[in-house]
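> Attaching a predicted model along with its sequence, questions to come.
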Amino acid sequence: MPSSFDSFEKEFPALAKLGCLAESYCHTDPNSALYKIRKIGETITSLVYEYDNLPVPTGSVSDIPQASRINALYDNRIINGLLAKSFTRLRKIGNEAVHEDLDSSVLVEELLPISYSLCFWFAETYGAKENQIPKEYHLPGELAPVAKKKVIIRIKKPKDFTAQEKSEEESEDKLIALAKEAAASAPKVKIELRRNRSLKANRARPLTEAETRELVDEQLRAVGWECDTTKFNQKIHGTKPQKGHNMVIAEWQTDSKIYNPGYADYC
């Protein structure tokens, strides 16, 4: 089945492979899908270090925590605040959910489009061609019932991999190693030119619903509301209003008798 990630196959096969595998797992094993999605974010930041020759205190780029890499990209003005938050959203997969009973399909449906959008930004900023028109991201069909169950989200560890997953991991890591070599040997670009390309790519990339909500959240917080879509969310967390708090709660379930029942963006 064709994937939206196929568009990165020619120049960045490691990202294409991770994206396609994430989609293939989202029907049967959402935790494995989430592992691949998080690895996309980690791969992109490691490649940025190689392309722009960012300083590595000791060891290799792989030894730098993802949070520190994201901060470095932001401090060097390679990414803006919204991109940093999107990378952080992928980094936190599994961290905040280990002890929570969450609907895995909600996370997969939210994070696959974000990972695709970040891949497009990276390809536009570091690829050979600029000004590509982003394709609309399409989720890989209706999630199967197994992926719609409420499950404890735990990112798999290598020791828990099946034989097939170990083989996939080895193949991915070889592609990533080749990508790092290519990035390290690529002609260096002045940082101002890189920042300009990043800015243009960020403007062109398709914002996901989650990222759009983040922008709205910032605007609401600026005028005094308590607003955090990832935290105050009825659909995901069952958030309810609290006395004495000016809360804006995202994805509030409705039971309209006039229109179709569903979820209001904010309440």
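On my side now, so go ahead.
> Give me the secondary structure label for the residue nearest to Glu165 when sequence neighbours are not counted.
Of all residues beyond its chain neighbours, the one nearest Glu165 is Ser32 (6.9 Å), with distances taken as Cβ to Cβ, 6 or more residues apart in numbering. All C-beta atoms are positioned from the backbone trio N, CA, C, and that covers glycine. The three-state assignment at Ser32 reads helix, by DSSP: H, G, I helix; E, B strand; the rest coil.
> Counting neighbours, what do you get for Ser32?
By other Cβ atoms under 10 Å, the residues close to Ser32 number 20.
> how close does the most centrally placed residue in the chain sit to Cys267?
The residue lying closest to the centre of the chain (Cα atoms, centre = their mean) is Ser115, at 3.7 Å. When distance is defined by Cβ to Cβ, to the nearest Å, Ser115 is 28 Å away from Cys267.
> mind listing the strands in the chain by residue range?
Using DSSP state E, the strands found in the chain span residues 102-103, 150-151, 226-227, 247-248, 250-253, 263-266.
> By mean pLDDT, show me the worst of the ones you listed.
Lowest mean pLDDT within the strands of the chain: strand 150-151, at a mean of 46.
> end to end, how far does stretch 225-240 reach?
Stretch 225-240 has its terminal residues 15 Å apart, counting by Cα to Cα, to the nearest Å.
> swap that for stretch 220-239, sorry
By Cα to Cα, the extent of stretch 220-239 from end to end equals 18 Å.
> cool, and stretch 75-86?
End to end - Cα to Cα - stretch 75-86 spans 16 Å.
> I'd like the numbering to begin with 31 instead of 1 from here.
Sure, I'll start numbering at 31, so the last one becomes stretch 105-116.
> For that stretch, give me every contacting residue.
Stretch 105-116 is touched from outside by 78, 82, 84, 100-101, 103-104, 117, 144, 147-148, 151, 155, 221, 224-225, 228-229, 232, 241, 244-245, with contacts defined as Cβ atoms under 8 Å, 6 or more residues apart in numbering.
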